[in-house]
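Trainee: Show me how the following folds:
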Amino acid sequence: MKPEIIRHQFEDILIVELDVHRNDIEEQDSLAYLGADSLDIFDIICRVEDKFGIEISDCEKASLRTVKDYLDLINKKTADRE
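Mentor: So this is what the prediction gives:
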């Protein structure tokens with residue numbers, strides 16, 4: 001899957017879960033900065049796992065802070081699906 005498609009689909013998840021506008025999402029933004037609380041983050045992780053068909057370990061979850069962190073992880077886990 002191409003990185004730009006992954007980014008667009010991840011942004012779609014953030015738009016729905018956090019009620020933000022696509023233009024307001026920057027890679028350096030933390031999900032907390034975008035308005036996510038712990039329940040929102042749990043929901044976002046579940047939606048990411050479902051949408052991209054990946055599993056995110058507890059260790060990986062603990063390291064996810066920014067939009068870029070999520071995108072990097074999704075890209076890494078889906079890289080072999082070209």
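
Trainee: ok, the residue nearest in space to the middle of the chain to F42 distance?
Mentor: For the chain, Y70 is the residue whose C-alpha lies nearest the centre (C-alpha atoms, centre = their mean; 4.3 Å). Y70 is 14 Å from F42, where distance means C-beta to C-beta, to the nearest Å. The C-beta positions use only the backbone N, C-alpha and C, and glycine is treated the same way.

Trainee: can you give me the helices in the chain?
Mentor: Remark: helices assigned in the chain by DSSP state H are 3-18, 38-52, 58-63, 67-78.

Trainee: how about the last one as PDB, C-alpha atoms only?
Mentor: This file holds the C-alpha atoms of helix 67-78, laid out as PDB (Å, rounded to 0.1, in the frame of the first residue of the first chain):
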ATOM      1  CA  VAL A  67       0.600  11.100  13.700                       C
ATOM      2  CA  LYS A  68       4.000  10.300  12.200                       C
ATOM      3  CA  ASP A  69       4.500   7.500  14.700                       C
ATOM      4  CA  TYR A  70       1.300   5.900  13.600                       C
ATOM      5  CA  LEU A  71       2.000   6.300   9.900                       C
ATOM      6  CA  ASP A  72       5.500   4.900  10.200                       C
ATOM      7  CA  LEU A  73       4.200   1.800  12.100                       C
ATOM      8  CA  ILE A  74       1.400   1.200   9.600                       C
ATOM      9  CA  ASN A  75       3.800   1.600   6.600                       C
ATOM     10  CA  LYS A  76       6.200  -0.800   8.200                       C
ATOM     11  CA  LYS A  77       3.600  -3.400   9.000                       C
ATOM     12  CA  THR A  78       2.000  -3.200   5.500                       C
END
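
Trainee: ok, and what's touching it?
Mentor: Residues from elsewhere that reach helix 67-78, judged by C-beta atoms under 8 Å, 6 or more residues apart in numbering: 1, 3, 6-7, 10, 14, 25-29, 31, 34, 44, 48, 52-54, 56, 60, 63-64.

Trainee: 10 Å instead, please
Mentor: The set of residues external to helix 67-78 that reach it, using C-beta atoms under 10 Å, 6 or more residues apart in numbering, is 1-3, 5-7, 9-11, 13-14, 25-31, 33-34, 44-45, 48-49, 51-56, 60-61, 63-64, 66.
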